[in-house]
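*Asks:* sequence unknown, structure follows:
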């Protein structure tokens, strides 16, 4: 993994952990907490999918550059 992908993975993981901890320690009802957790999970899922798609595009470009050189 490159440094940039390690950074992205760490940032996403840190955001997820921070969000979950913040929600768990917030004084909210169970229903509100479940709703907030679901929204955060959806947001994190979207961010991970976007990061994966971006990394896939980078790898495809790199593979194509190797094909054209060889």
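*Replies:* Done, it's in. In this text the structure is predicted, and so the values were computed from the model without any measurement.
*Asks:* what ranges does the protein have for its helices?
*Replies:* Secondary structure of the chain (DSSP state H): helices at 3-25, 30-69.
*Asks:* orientation of the first one relative to helix 30-69 in degrees?
*Replies:* Relative orientation of helix 3-25 versus helix 30-69 (axes from the mean of the first three to the mean of the last three Cα atoms, to 10 degrees): 170 degrees.
*Asks:* what comes up buried for helix 3-25?
*Replies:* With burial defined by 16 or more other Cβ atoms under 10 Å, the residues of helix 3-25 counted as buried are 8, 16, 19, 23. Every C-beta, even on glycine, is put in place using the N, C-alpha and C of the backbone.
*Asks:* other residues contacting it?
*Replies:* Here helix 3-25 makes contact (Cβ atoms under 8 Å, 6 or more residues apart in numbering) with 1, 33, 36-37, 40, 44, 47-48, 51, 55.
*Asks:* now for those residues, which pair is the farthest apart?
*Replies:* Greatest spatial distance in the contacts of helix 3-25: 1 and 33, 34.0 Å, computed using Cβ to Cβ.
*Asks:* who's more crowded, those two?
*Replies:* Neighbour totals were compared for residue 1 and residue 33, and residue 33 leads with 14 against 9 (other Cβ atoms under 10 Å).
*Asks:* not counting its neighbours along the chain, what's nearest the residue nearest to the spatial centre of the chain?
*Replies:* By Cα atoms, centre = their mean, the chain has its centre lying nearest to residue 48, at 3.1 Å. Using Cβ to Cβ, 6 or more residues apart in numbering and skipping the chain neighbours, the partner closest in space to residue 48 is residue 12 (6.1 Å).
*Asks:* how close does the one you found sit to residue 51?
*Replies:* Using Cβ to Cβ, to the nearest Å, we find residue 12 at a distance of 6 Å from residue 51.
*Asks:* and residue 28, by the same measure?
*Replies:* Going from residue 28 to residue 51 by Cβ to Cβ gives 29 Å.
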